[in-house]
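Q: kindly generate the corresponding structure for this input.
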Amino acid sequence: MLHLIKRISILFAMAGAVVLVGWKVDAEPSRTTLPELAGLVHYTTVRRGNVTEHIMTTNEAIQAVKNGQPVPDGTHFVLVDYRDGEVYRTFVMEKGSGWGGDYDADRRTGDWQFQWFKPDGSVNMAENTARCQSCHSSRADEDFLYTLDALKEFDGAVID
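A: Numbers count the residues shown, from 1 in each chain. As a prediction, this is how the structure comes out:
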């Protein structure tokens with residue numbers, strides 16, 4: 001009997017994990033849009049194994065940060081994720097006035113919202129944007145950006 005109870009407990013635990021994982025995987029709609037990449041400045045590249053990430057934003061955002069000003073509302077930060085030389089996906093953070101109010105206080109990252117896009121430009125609803133918020137929330141003192149130092153140091157040179 002004890003063996004049967006253990007098996008049932010394991011099954012319930014596995015079912016619960018599947019439900020939680022399924023719940024956490026799907027993205028949610030946000031106000032974030034995919035900007036025209038041609039109008040952005042590629043200010044840093046991050047390489048992780050076979051992944052190359054080109055990170056871009058606007059000239060206005062770069063100048064604001066260099067001048068000690070906040071990143072302006074309407075700014076996009078775009079990370080283009082390349083795998084084997086092909087675009088695998090694109091991650092976008094966009095800042096909008098009052099956008100933080102769309103989320104509970106424990107999920108807010110200032111007024112930033114996040115979205116993943118497929119190579120064809122459509123929203124990738126299989127990506128978890130709540131995970132993005134969770135990770136970026138640790139960077140509150142750097143306007144929720146992981147590349148703030150690279151942005152400050154960018155000298156306009158072409159990035160490989």
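Q: please count neighbours and contacts with C-alpha atoms only from this point.
A: Will do.
Q: the closest residue to Ala61 other than its chain neighbours: neighbouring residues, count only.
A: Distances taken as C-alpha to C-alpha, 6 or more residues apart in numbering place Val71 nearest to Ala61, at 5.3 Å, with adjacent residues excluded. Neighbours of Val71 under the rule other C-alpha atoms under 10 Å: 17.
Q: now the one 3 residues further on
A: Neighbours of Gly74 under the rule other C-alpha under 10 Å: 13.
Q: Val158 too?
A: There are 10 residues near Val158, going by other C-alpha under 10 Å.
Q: surely it forms part of a strand?
A: No: counting by DSSP: H, G, I helix; E, B strand; the rest coil, Val158 is not part of a strand but coil.
Q: give me every residue that touches it.
A: Counting by C-alpha atoms under 8 Å, 6 or more residues apart in numbering, Val158 touches His42, Tyr43.
Q: would you mind measuring from it to Thr45?
A: According to C-alpha to C-alpha, to the nearest Å, Val158 and Thr45 sit 11 Å apart.
Q: from the chain's centroid, how far away is stretch 134-147?
A: 10 Å (C-alpha atoms, centre = their mean, to the nearest Å).
Q: now do the same end-to-end measure for that stretch.
A: First-to-last distance for stretch 134-147 - C-alpha to C-alpha - comes to 17 Å.
Q: cool, and stretch 99-108?
A: The straight-line separation of the ends of stretch 99-108 (C-alpha to C-alpha) is 9 Å.
Q: on the three-state scheme, the spatially closest residue to Arg139 that is not a sequence neighbour is what?
A: Leaving out its chain neighbours, the residue that sits closest to Arg139 by C-alpha to C-alpha, 6+ apart is Leu145, at 6.1 Å. What three-state DSSP gives for Leu145 is coil.
Q: I'd say Leu145 and Cys135 touch.
A: No: contact criterion C-alpha atoms under 8 Å: Leu145 and Cys135 do not qualify, at 10.1 Å.
Q: hang on, the residue nearest to Ala61 in a helix?
A: No: read with three-state DSSP, Val71 is coil and lies in no helix.
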